[in-house]
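Colleague: fold the following.
(chains A and B)
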There are 2 protein chains.
Amino acid sequence: MREFQVLLVAGTHGNEINASWLFDQWDKKPELIRTYGVKIIKEIGNPSARKKCTRYIDRDLNRSFLPDLFDSSSDDYEINRAKYLINRHGINADDPCQIAFDLHSTTAGMGCCIVIYGRRPTDLALASLIQNRLGLPIYLHESDKSQSGFLVESWPCGLVIEVGPVPQGVLNQQIIQQTKLTLEASLEEISKIKFGKSRFPRQLIVHRHIGSIDYPRDMNDQTEAVIHKERQGNDWQPIDLGSPLFINSTGDIIKFLDNTNLVPVFINEAAYSEKNIAMSFSKREVWFFLSEWKDALIDLIS
Amino acid sequence: MREFQVLLVAGTHGNEINASWLFDQWDKKPELIRTYGVKIIKEIGNPSARKKCTRYIDRDLNRSFLPDLFDSSSDDYEINRAKYLINRHGINADDPCQIAFDLHSTTAGMGCCIVIYGRRPTDLALASLIQNRLGLPIYLHESDKSQSGFLVESWPCGLVIEVGPVPQGVLNQQIIQQTKLTLEASLEEISKIKFGKSRFPRQLIVHRHIGSIDYPRDMNDQTEAVIHKERQGNDWQPIDLGSPLFINSTGDIIKFLDNTNLVPVFINEAAYSEKNIAMSFSKREVWFFLSEWKDALIDLIS
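Modeller: Prediction:
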């Protein structure tokens, strides 16, 4: 039987430097982060981009875990990097990991949160445990055909830990502390499952992805209006019908024309402008915890 | 007699995008920014770096205005860009400008401020007028041999308008508004001089540059401790003897060992890590306004 291992990835985007710094420190001081007996493998996702303090070299690594592309003879650094990580630590590799955590930061005021992709029972079970422990919000990214190939989707269970706001290329004590705290709590929860000591919650609160909107743009595709200051930094706060979204240079305001209590996330994330995303909208939902989620996670870990 | 003109430069650092965005909007809407009859020339300092949303291509443009380098046959994009700007709009060019404003943003919590380089009477006079109008702080950068070649030094009078905090590559309504406000106030003050309507203040408050400190680093030159959260974002606030400066991954704190009321500025600016600057220290001083400053500025403008 193969040993249970958790893959921890930092620096999947090279200019999100806080988790990578934490890993470096951890290498020097093995006691820095408590792992509660869980065997972990650490990787810097995109070491070349990290060196240059840029998001990526050829393409976004966290949109490059696309098996269709792996068969091609792509020269893109990130395609090869995705292949490397899967070949080395994928579920069928020689040194396999069953669960992956991908550690990110954002310029948006997201606080500390978990992102999951789709409704895999294993992800929902693990996210429930972490939410129950720390109270943090869970952003359920799904039904978004324009975005795929996320790292954690290539493992049977995988979560993103996302922390902000912090500029790209800036180390920040609070961001580092939040990353460390969430990582340690996650490993402790995994450890409890391993040793049969878990207590799963009765419910899970998710912010389900509904869609994204772009910045208003002119005919040359240039940003024509910016995020209104009432929105800036106010991620997770539901917006009312008629609230301001964008403002142009002469003060004209574009208002929000929806009355279904949508909750904006990733407002004004620096890296998303090139993806034509000014913010995404989510819907807060309370889900009953299903025992099949628990079973799936226990199966994977035991 | 040559016409009096003011050079306005945005995007000297390509990833400081707010002022460049304001210039684009201004091109489309000529009434956007009031110039009070002052003839202005607008330039994007580093258009190639702007396209890539990076600080620079080969070297920092705002450390490249070094006449010694102009004689060399450097291939560096920024050296050639500096030459271009001086040859086109320098004081001896065909289309000369007498005053230059260089518009920057920072990831540090600097608010809106003016930076001047050295004690040129023209700069001190103009900065006094703007401070008297808006109340903003003036950072006097001088006696720093490790840093030279700033753009505005190549014009007989030149000021940096610096606004933050904002991440690199992020448009922010408030940053844009502060930039616009300071620019309009500056042009109005220049206009008043032109028309003999200026009222110069009796004093000037400067924050005089004393020195800079680097992040604590290990033997491999990697950052070993980060800015303490009591310092983060608290630019312009004097620090007391014994106050925390840095904290390492295990919680050890490096304290401030000076009791001369130094005032930190540019705390944790993303782009300064490569310059080995974690923060700079300044000393707040109140100077009497000298009539020779006024005479120098009036001479230049009239």
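
Colleague: got the residues of the stretch 1-150 of chain A near chain B?
Modeller: Residues of the stretch 1-150 of chain A lying close to chain B (Cβ under 8 Å from any Cβ of the partner chain) are A:21-22, A:24-26, A:28-29, A:32, A:54, A:107. For the C-beta atoms, the positions are set from N, CA and C on the backbone; glycine is no exception.

Colleague: tell me which of the residues you listed fall in strands.
Modeller: With DSSP state E as the criterion, strands contain none of those.

Colleague: please produce a ChimeraX select command covering the buried subset of those.
Modeller: Buried residues within these, by 16 or more other Cβ atoms under 10 Å in any protein chain shown, are selected in ChimeraX with:
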select /A:21,22,24,25,26,54,107
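
Colleague: ok, the residues of the stretch 1-150 of chain A next to chain B vs residue B:47, which is closest?
Modeller: residue A:54 (18.8 Å; Cβ to Cβ).

Colleague: and the closest residue to chain B within the stretch 1-150 of chain A, how far is that from residue B:229?
Modeller: Minimum separation of the stretch 1-150 of chain A from chain B (Cβ to the nearest Cβ) falls at residue A:25, amounting to 3.8 Å. In this structure, residue A:25 and residue B:229 are 17 Å apart, going by Cβ to Cβ, to the nearest Å.

Colleague: where do the strands of chain A begin and end?
Modeller: Along chain A, counting by DSSP E, strands occupy A:5-10, A:39-44, A:99-105, A:111-117, A:138-141, A:157-164, A:203-213, A:225-227, A:244-248, A:253-255, A:263-265, A:279-288.

Colleague: and the last one, what other elements does it pack with?
Modeller: Under the contact definition 3 or more Cβ pairs under 8 Å, 6 or more residues apart in numbering or on different chains; DSSP states H and E, strand A:279-288 sits against strand A:203-213, strand A:263-265.

Colleague: what does that strand contact?
Modeller: For strand A:279-288, contacts defined as Cβ atoms under 8 Å, 6 or more residues apart in numbering or on different chains pick out A:124, A:139-140, A:202-213, A:227, A:231, A:238, A:245, A:260-268.

Colleague: same thing but at 7 Å, please
Modeller: A:139, A:203-213, A:262-267 (Cβ atoms under 7 Å, 6 or more residues apart in numbering or on different chains).

Colleague: repeat for the second one
Modeller: Residues lying outside strand A:39-44 but in contact with it, judged by Cβ under 7 Å, 6+ apart, are A:3-11, A:20, A:23, A:50, A:85, A:89, A:97.

Colleague: how about a cut-off of 10 Å?
Modeller: By Cβ atoms under 10 Å, 6 or more residues apart in numbering or on different chains, the surrounding residues in contact with strand A:39-44 are A:3-12, A:14, A:19-20, A:22-24, A:26-27, A:33, A:50-51, A:81, A:84-85, A:88-89, A:95-97, A:99-102, A:183, A:187, A:190.

Colleague: buried only: go through these for me.
Modeller: Buried members of the contacts of strand A:39-44, counted by 16+ other Cβ under 10 Å: A:4-12, A:14, A:19-20, A:22-24, A:26, A:33, A:50, A:81, A:85, A:89, A:96-97, A:99-102, A:183, A:187, A:190.

Colleague: residue A:165 reaches residue A:268, doesn't it?
Modeller: Yes. Proximity of residue A:165 to residue A:268 meets the contact threshold set by Cβ atoms under 10 Å, at 9.2 Å.

Colleague: between the two, which contacts overlap?
Modeller: Overlap of the contact sets of residue A:165 and residue A:268 (by Cβ under 10 Å, 6+ apart) consists of A:106-109, A:232-233, A:235, B:167, B:170.

Colleague: as JSON lines, the residues you listed with pLDDT and distance to residue B:276 would be great.
Modeller: Putting the shared contacts of residue A:165 and residue A:268 into JSON lines (pLDDT from 0 to 100; distance: Cβ to Cβ, whole Å) gives the following:
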{"residue": "A:106", "pLDDT": "98", "distance to residue B:276": "27"}
{"residue": "A:107", "pLDDT": "98", "distance to residue B:276": "24"}
{"residue": "A:108", "pLDDT": "98", "distance to residue B:276": "30"}
{"residue": "A:109", "pLDDT": "98", "distance to residue B:276": "30"}
{"residue": "A:232", "pLDDT": "98", "distance to residue B:276": "32"}
{"residue": "A:233", "pLDDT": "97", "distance to residue B:276": "31"}
{"residue": "A:235", "pLDDT": "98", "distance to residue B:276": "34"}
{"residue": "B:167", "pLDDT": "98", "distance to residue B:276": "21"}
{"residue": "B:170", "pLDDT": "98", "distance to residue B:276": "25"}
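
Colleague: so how do I select the buried members of those residues in ChimeraX?
Modeller: Restricted to buried positions by 16+ other Cβ under 10 Å, the ChimeraX selection for those reads:
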select /A:106,107,108,109,232,233,235 /B:167,170
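
Colleague: contact partners for residue A:113?
Modeller: A:106, A:131, A:134, A:136-139, A:160-164, A:178, A:182, A:207, A:235-236, A:265.

Colleague: residue A:266 and residue B:225, how far apart?
Modeller: Applying Cβ to Cβ to residue A:266 and residue B:225 gives a distance of 30 Å.

Colleague: where does pLDDT dip in chain A?
Modeller: Counting by pLDDT under 70, chain A contains low-confidence ranges at A:1-2.

Colleague: who's sitting farthest from the centroid in it?
Modeller: In terms of distance from the mean C-alpha position of chain A, residue A:250 ranks first, at 35.7 Å (Cα atoms, centre = their mean).

Colleague: how close does residue A:248 get to residue A:44?
Modeller: Look at residue A:248 and residue A:44: by Cβ to Cβ, they are 40 Å apart.

Colleague: now residue A:11
Modeller: Going from residue A:11 to residue A:44 by Cβ to Cβ gives 4 Å.

Colleague: could you do residue A:149 as well?
Modeller: Counting by Cβ to Cβ, the gap from residue A:149 to residue A:44 is 19 Å.

Colleague: ditto for residue A:34
Modeller: 21 Å.

Colleague: give me the more crowded residue out of these two.
Modeller: residue A:44 (19 against 14; other Cβ atoms under 10 Å in any protein chain shown).

Colleague: what number of residues lie near residue A:115?
Modeller: As a burial measure, residue A:115 scores 25 neighbours (other Cβ under 10 Å).

Colleague: I'd say residue A:143 and residue A:212 touch.
Modeller: No. Counting by Cβ under 10 Å, residue A:212 is not a contact partner of residue A:143; they are 11.2 Å apart.

Colleague: which residue does the stretch 201-302 of chain A have closest to chain B?
Modeller: residue A:249 (3.8 Å).

Colleague: out of everything not next to it in sequence, what's closest to that residue?
Modeller: Nearest in space to residue A:249, with sequence neighbours left out and distances taken as Cβ to Cβ, 6 or more residues apart in numbering or on different chains, is residue B:25 at 3.8 Å.

Colleague: repeat for residue A:130
Modeller: Sequence neighbours aside, residue A:186 is the residue nearest to residue A:130 in space, at 5.4 Å (criterion: Cβ to Cβ, 6+ apart).

Colleague: again with residue A:85
Modeller: residue A:43 (6.4 Å).

Colleague: what residues are up against residue A:184?
Modeller: A:32-36.

Colleague: give me the neighbour count for residue A:288.
Modeller: Neighbours of residue A:288 under the rule other Cβ under 10 Å: 8.

Colleague: that one and residue B:88: what is the separation?
Modeller: Plainly put, residue A:288 is 68 Å away from residue B:88 if you go by Cβ to Cβ.

Colleague: output the lengthiest helix in chain A as PDB, nothing but the C-alphas.
Modeller: In terms of residue count, the longest helix belonging to chain A (DSSP state H) is helix A:173-194. Written as PDB, here are the backbone C-alpha positions of helix A:173-194 (Å, rounded to 0.1, in the frame of the first residue of the first chain):
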ATOM      1  CA  GLN A 173       3.500  39.500   7.800                       C
ATOM      2  CA  GLN A 174      -0.300  39.100   8.000                       C
ATOM      3  CA  ILE A 175      -0.600  37.300   4.700                       C
ATOM      4  CA  ILE A 176       2.200  34.900   5.800                       C
ATOM      5  CA  GLN A 177       0.500  34.300   9.100                       C
ATOM      6  CA  GLN A 178      -2.900  33.600   7.600                       C
ATOM      7  CA  THR A 179      -1.300  31.200   5.100                       C
ATOM      8  CA  LYS A 180       0.500  29.400   7.800                       C
ATOM      9  CA  LEU A 181      -2.600  29.200  10.100                       C
ATOM     10  CA  THR A 182      -4.800  27.800   7.400                       C
ATOM     11  CA  LEU A 183      -2.200  25.300   6.200                       C
ATOM     12  CA  GLU A 184      -1.600  24.000   9.800                       C
ATOM     13  CA  ALA A 185      -5.400  23.800  10.500                       C
ATOM     14  CA  SER A 186      -5.900  21.900   7.200                       C
ATOM     15  CA  LEU A 187      -3.100  19.400   8.000                       C
ATOM     16  CA  GLU A 188      -4.500  18.900  11.500                       C
ATOM     17  CA  GLU A 189      -7.900  18.100  10.100                       C
ATOM     18  CA  ILE A 190      -6.400  15.700   7.600                       C
ATOM     19  CA  SER A 191      -4.500  14.100  10.500                       C
ATOM     20  CA  LYS A 192      -7.600  13.700  12.500                       C
ATOM     21  CA  ILE A 193      -9.300  11.800   9.600                       C
ATOM     22  CA  LYS A 194      -6.200   9.500   9.400                       C
END
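
Colleague: many thanks, we can stop here.
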